[in-house]
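> what's the 3D shape of this:
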Amino acid sequence: MKMKKFTTFALAATLAIGTFGISVPVKAAENSTDYTITIPATLTVEQKGWNATDGITAKVKSGDTFDSSKKLTVTAASANEWNLKSGENAIAYKMASATEQEKSYADATATTSLEISAEDLNTGNYEAPFGIVVEDYTDKPAGEYKDTVIFTAKVEDAVKVETLLTTLTFGGSSTYSETTSGVVSVTATNVTNYNARFGWLWFNEGSLSVTAKEGYTITKCVFIQNAKTPITDTEAPFEIHATDEGIVESTSAMDGVTSIEVYGYEN
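Numbers count the residues shown, from 1 in each chain. Down below sits the predicted model:
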């Protein structure tokens, strides 16, 4: 006789406890507006493929207006790395929007974050249908398969403002100083010389590359060599290349780099 498998998908909101719907009132940053998010507390998996939830709803307190310069973001994290587990056995699944309900687990696109605009909140009750898409578990051993998903909500600026994150100033053949540390890392290839007047110099296909560290986003880098016309790179990867004849990316007279201005924003 084939044993029946039970799969339970538990949903929880950060710092809140509930039975089915969980309401989480939070103060909006730089604003007196209260908003409430409601998510389903549990979901029992009925089948492979699509399993619907009651979705997420959000609203502001009656009479309040959510700050138009802000947005509400909701992110989800799985305790079992998006697997329903029973002991050592696991059934993979994806959290997804309702647009994925006709797709198989392999074809569905996972969605673990949601952005809610001030306009959506101020229009009335915001609703975001979602569910999970479960892989075929026909051959899995019987058992009670579970996972816990933590939802975190926070208020952020609706538009990220580009600012000068840090300035890198070169002071030796392999060293540089930073006005703000912990923002970026620099990779230098074939940087064979340093001169206090010219900065870092290249020969034989040299390059400089700037990469954002976790928590930051770069929007542009300005490569500078004292009073010469600088080179601005506005697309990742943020880098410049040079040969013994000059810098490839520009007609600038630069033949080295004394500093790099890095612009962007903190995530």
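
> show the contacting residues for residue 259.
167, 168, 169, 170, 199, 224 (C-beta atoms under 8 Å, 6 or more residues apart in numbering). From N, CA and C alone the C-beta is placed, and that goes for glycine too.

> tell me the one of the residues you listed nearest residue 210?
residue 168 (7.8 Å; C-beta to C-beta).

> distance of the closest one relative to residue 35?
Using C-beta to C-beta, to the nearest Å, we find residue 168 at a distance of 40 Å from residue 35.

> what do you get for residue 237?
Noted for residue 237: a distance of 38 Å to residue 35, by C-beta to C-beta.

> which among the contacts of residue 259 count as buried?
167, 168, 170, 199, 224 (16 or more other C-beta atoms under 10 Å).

> with secondary structure added, can I get the contacts of residue 259 in CSV?
Below are those laid out as CSV (DSSP: H, G, I helix; E, B strand; the rest coil):
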residue, secondary structure
167, strand
168, strand
169, strand
170, strand
199, strand
224, strand
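
> tell me which two in those residues are the farthest apart.
Across these, the longest distance by C-beta to C-beta is 13.2 Å; it joins 167 and 199.

> end to end on stretch 221-241, go ahead and measure it.
End-to-end distance for stretch 221-241, by C-alpha to C-alpha, to the nearest Å: 14 Å.

> what is the mean pLDDT for stretch 102-113?
Average pLDDT, stretch 102-113: 94.

> correction: the previous question concerned stretch 51-64.
Mean predicted confidence for stretch 51-64 is 86.

> ok, back up a step: more neighbours, residue 237 and residue 35?
Comparing residue 237 with residue 35 by other C-beta atoms under 10 Å, the one with more neighbours is residue 35, at 22 against 12.

> am I right that the more buried one is in contact with residue 65?
No. If you go by C-beta atoms under 8 Å, residue 35 and residue 65 don't touch, sitting 10.9 Å apart.

> okay, now the unreliable bits of the protein?
Within the chain, the stretches falling below the threshold (pLDDT under 70) are 1-33, 173-174, 192-197, 201-204, 244-252.

> hey, where'd the helices end up in it?
For the chain, applying DSSP state H gives helices covering 118-123.

> which one is residue 230 nearest to, not counting chain neighbours?
residue 224 (4.6 Å; C-beta to C-beta, 6 or more residues apart in numbering).

> quick check: bridge partners of residue 189?
residue 207 (DSSP bridges).

> relative to residue 263, how far out is it?
Residue 189 is 23 Å from residue 263, by C-beta to C-beta.

> more neighbours: the two, which one.
Legend: neighbour count by other C-beta under 10 Å for residue 189 and residue 263, higher for residue 263 (18 against 13).

> residues contacting the closest residue to the more buried one other than its chain neighbours?
Nearest residue to residue 263, sequence neighbours excluded (C-beta to C-beta, 6+ apart): residue 220, at 4.8 Å. Residues near residue 220 by C-beta under 8 Å, 6+ apart: 162, 232, 233, 234, 238, 263, 264.

> try residue 239
By C-beta under 8 Å, 6+ apart, residue 239 lies in contact with 207, 208, 209, 210, 233.

> which strand residues bridge it?
Under the criterion used (DSSP bridges), residue 239 bridges to residue 209.

> how close does it sit to residue 232?
12 Å.

> residue 257 now?
In terms of C-beta to C-beta, residue 257 sits 13 Å off from residue 232.

> residue 143 too?
Counting by C-beta to C-beta, the gap from residue 143 to residue 232 is 58 Å.
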